[in-house]
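Engineer: Here's a sequence, model it:
(chains A and B)
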Amino acid sequence: MDINKLHRITNNQWCIEPANGMHVQGIIFASEELILEMDEKVYEQVCNVAKLPGIVNASYAMPDAHWGYGFPIGGVAAFDPQQGGVISAGGVGFDISCGVRTLHTGLTAQQVMSKQNELADILYKNIPAGLGSTGIIHLNKKQMDAMLTGGARWAIERGLGDHADLERIEEHGCMQGADPDQISDHAKERQKNEMGTLGSGNHYLELQKVVEIYDANIAKKFGIEMDDIKISIHCGSRGLGHQIGTEFLKRMVVSAKGHGITLPDRELACAPIDSKIGQAYLAAMRGAINCALANREIITHLTRQAVKKIFPDIHLELLYDVSHNTCKLEQYEMNGETKNLYVHRKGATRAFCPGHPSLPPALREAGQPVLIGGTMGTASYILAGTEKSMHLAYGSACHGAGRNMSRRKANKLWRGGRIMHELADRGILIRSPSMRGIAEEAPAAYKDVSAVVNVADQAGLSRLVAKLEPLICIKG
Amino acid sequence: MITPHWEHFEHQADMGVRGFGNMPAEAFEQVALATSAIITDLQLINPTHEINIFCEETDQELLLVDWLNALIFEMSTRKMLFNQFKVYLDNGKLTASVWGEPTNIKRHQPAVEIKGATYTELAVYKSQDHWVAQCVVDV
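Structural biologist: Presented below is the predicted three-dimensional model:
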């Protein structure tokens, strides 16, 4: 990105002054190095989002921002329905409520290393991964509708999860306001055999070891100690979310003109929040959020079963579950007034501050855990929301590394088998149905997530708590 | 006259698909081949099963996205991969026959599943004597 077009506010915060139809400024959180590496398209997309009706304060980009669809990936924007604010299917993305959850295992590194191969094999066997895989559950219409309104709560009521998990999931595991009638038969058809599946691409299940603690106080409150073994799961709303994204994107493209909205980019398709289509999307997207929450809960259940086969006395407890492709109604104080805003986070994690009422009592003092995934060969990080993050970008932080190389290029450069061997030499076991998939997901095809989380910490978006390195990775 | 063909083009996080043909329908067939090739090597697919697809949309560019999304829906729900496409276009009506087989994970080694076709870099246009159809797909 051309740094000369930006006005530097602080070391890690840059401003794009409103111009050419932008209603608000653009704010990018990044170091000088990250700005220089960012695609010029991020600049263009931050500016385009700032042109949408009813946007409040600024169009934000997180330190891991990269070229997305309409919104940059790593984009955050809030809209006020009282000012004609919009909701955008592109601003949420295709993989609605894609997210990460991290589980405590209570296992020691020594226990895991003596059974590393067995664990990798049983996790791979138990958790359906990759294209064409189907889950253990097949939903009829009634069950589908119950899942879409119940989320993780629905899974738990069916014996596919633990009740204790609920308070450690955003929205307590169940997004209110979902309406299955706003979700097409096509979307439901795509999902009926996919509950409890990991998917493919950058989705994974990883067994990780804590290798560094940055904030001992918060780590203790999160239940994290050096050498702990954790399990993290990254996946989303599967075919249902993809289909809802696809269908509403088109409906919003076609209806924009009728709503008097000029789209700077078709991918920014949106509709007034208070319009019929805006409300329909909101109700459908909330159903997709529930689908993602149920999906991660079921995968957790399968993971618990798998681990118990090797360590019968071990029960995995949930640290937290975050979503990073959503639009949520949140309240913010502005100029002494309480505003109800629709906050879009596209490839951005919610990062609520200590004391926030939506956090469970056990985590309230520490702030919301922010779970940042790495690649199968590099570290993941756990951060915590800060008071400052609430003022900087509606309590939001980065979500991951982001690619720095296309799949095509990665597939030309590397072979999956070779990468598997190299990682095995470093003590990381990979299990995947596709060698080509491994090549395309090679660690070197991604940016350095460490630089991203350091900026998130320094800018005050969240506070670094711990670093985790992979020992086993199940890839779709 | 050109020989119909396809290519992938770079997109940071995802993949661009582009088809070239003498007529729009031929370019639409080629872009479908490019889409399947994101998932697996086209030569690994046996075109033993035929299915039919129909879409309707007056805007030719939106029709391209509808066509690819219809294909993605069929791949996803039928758990199939396709490598032969015959497309007919008539006044915004697209009728297609596509051939492929059920996904065999061991043999096809599917690299990634496709979430949806997008409006990013979307274009259908005539360039000198041939047609080009393209967009980015989210994987």
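Engineer: what about the helices in chain B?
Structural biologist: B:24-39, B:60-78, B:105-108 (DSSP state H).
Engineer: Between these, which one is closest to residue A:396.
Structural biologist: In terms of C-beta to C-beta, the element of those nearest to residue A:396 is helix B:60-78, at 29.7 Å. Placement of C-beta: from N, CA and C, glycine included.
Engineer: mind exporting that closest one as PDB, just the C-alpha atoms?
Structural biologist: The C-alpha trace of helix B:60-78 is given here as PDB (Å, rounded to 0.1, in the frame of the first residue of the first chain):
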ATOM      1  CA  GLN B  60     -24.900 -11.800 -18.500                       C
ATOM      2  CA  GLU B  61     -22.300 -11.200 -15.800                       C
ATOM      3  CA  LEU B  62     -24.700 -12.100 -13.000                       C
ATOM      4  CA  LEU B  63     -25.700 -15.200 -15.100                       C
ATOM      5  CA  LEU B  64     -22.000 -16.300 -15.000                       C
ATOM      6  CA  VAL B  65     -22.000 -16.200 -11.200                       C
ATOM      7  CA  ASP B  66     -25.400 -17.900 -11.100                       C
ATOM      8  CA  TRP B  67     -24.100 -20.700 -13.300                       C
ATOM      9  CA  LEU B  68     -21.000 -21.300 -11.200                       C
ATOM     10  CA  ASN B  69     -23.000 -21.200  -8.000                       C
ATOM     11  CA  ALA B  70     -25.500 -23.700  -9.400                       C
ATOM     12  CA  LEU B  71     -22.500 -25.900 -10.200                       C
ATOM     13  CA  ILE B  72     -21.000 -25.400  -6.700                       C
ATOM     14  CA  PHE B  73     -24.400 -26.400  -5.200                       C
ATOM     15  CA  GLU B  74     -24.500 -29.600  -7.300                       C
ATOM     16  CA  MET B  75     -21.000 -30.500  -6.300                       C
ATOM     17  CA  SER B  76     -21.700 -29.900  -2.700                       C
ATOM     18  CA  THR B  77     -25.100 -31.700  -2.400                       C
ATOM     19  CA  ARG B  78     -24.400 -34.600  -4.700                       C
END
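Engineer: average pLDDT for that helix?
Structural biologist: Mean per-residue pLDDT for helix B:60-78: 96.
Engineer: ditto for stretch A:169-177
Structural biologist: pLDDT averaged over stretch A:169-177 gives 98.
Engineer: The residue of the stretch 351-476 of chain A found nearest chain B - how many residues pack around it?
Structural biologist: Ranked by C-beta to the nearest C-beta, the top residue of the stretch 351-476 of chain A for proximity to chain B is residue A:436, at 4.0 Å. Close neighbours of residue A:436, defined as other C-beta atoms under 10 Å in any protein chain shown, add up to 22.
Engineer: what about it, distance to residue B:112?
Structural biologist: Using C-beta to C-beta, to the nearest Å, residue A:436 is found at 8 Å from residue B:112.
Engineer: can you check residue A:223 too?
Structural biologist: Taking C-beta to C-beta, one finds residue A:223 at 34 Å from residue B:112.
Engineer: One more: residue B:56?
Structural biologist: Using C-beta to C-beta, we find residue B:56 at a distance of 29 Å from residue B:112.
Engineer: higher neighbour count, these two?
Structural biologist: For residue B:56 and residue B:112, the more surrounded residue by other C-beta under 10 Å is residue B:112, and the numbers stand at 25 against 11.
Engineer: Stretch A:114-128: how far from the chain's middle?
Structural biologist: 25 Å (C-alpha atoms, centre = their mean, to the nearest Å).
Engineer: what do you get for stretch B:87-107?
Structural biologist: With C-alpha atoms, centre = their mean, you get 8 Å for stretch B:87-107.
Engineer: residues of that stretch that come out buried?
Structural biologist: Buried positions in stretch B:87-107, judged by neighbour count with 16 or more other C-beta atoms under 10 Å in any protein chain shown: B:87, B:89, B:94, B:96, B:98, B:99, B:100, B:101, B:103, B:104.
Engineer: got it, and stretch A:404-411?
Structural biologist: Under the neighbour-count criterion of 16+ other C-beta under 10 Å, stretch A:404-411 has A:404, A:405, A:406, A:407, A:408, A:410, A:411 buried.
Engineer: Now, these that are in helices?
Structural biologist: Checking these against DSSP H, those in helices are A:407, A:408, A:410, A:411.
Engineer: For the closest residue to the second one other than its chain neighbours, the count of nearby residues, please.
Structural biologist: With C-beta to C-beta, 6 or more residues apart in numbering or on different chains as the criterion, residue A:408 has its nearest non-adjacent residue at 5.1 Å, and that residue is residue B:8. Neighbouring residues of residue B:8 were enumerated by other C-beta under 10 Å; the total is 18.
Engineer: In contact with residue B:8, which residues are there?
Structural biologist: A:408, B:15, B:16, B:17, B:18, B:34, B:37, B:38 (C-beta atoms under 8 Å, 6 or more residues apart in numbering or on different chains).
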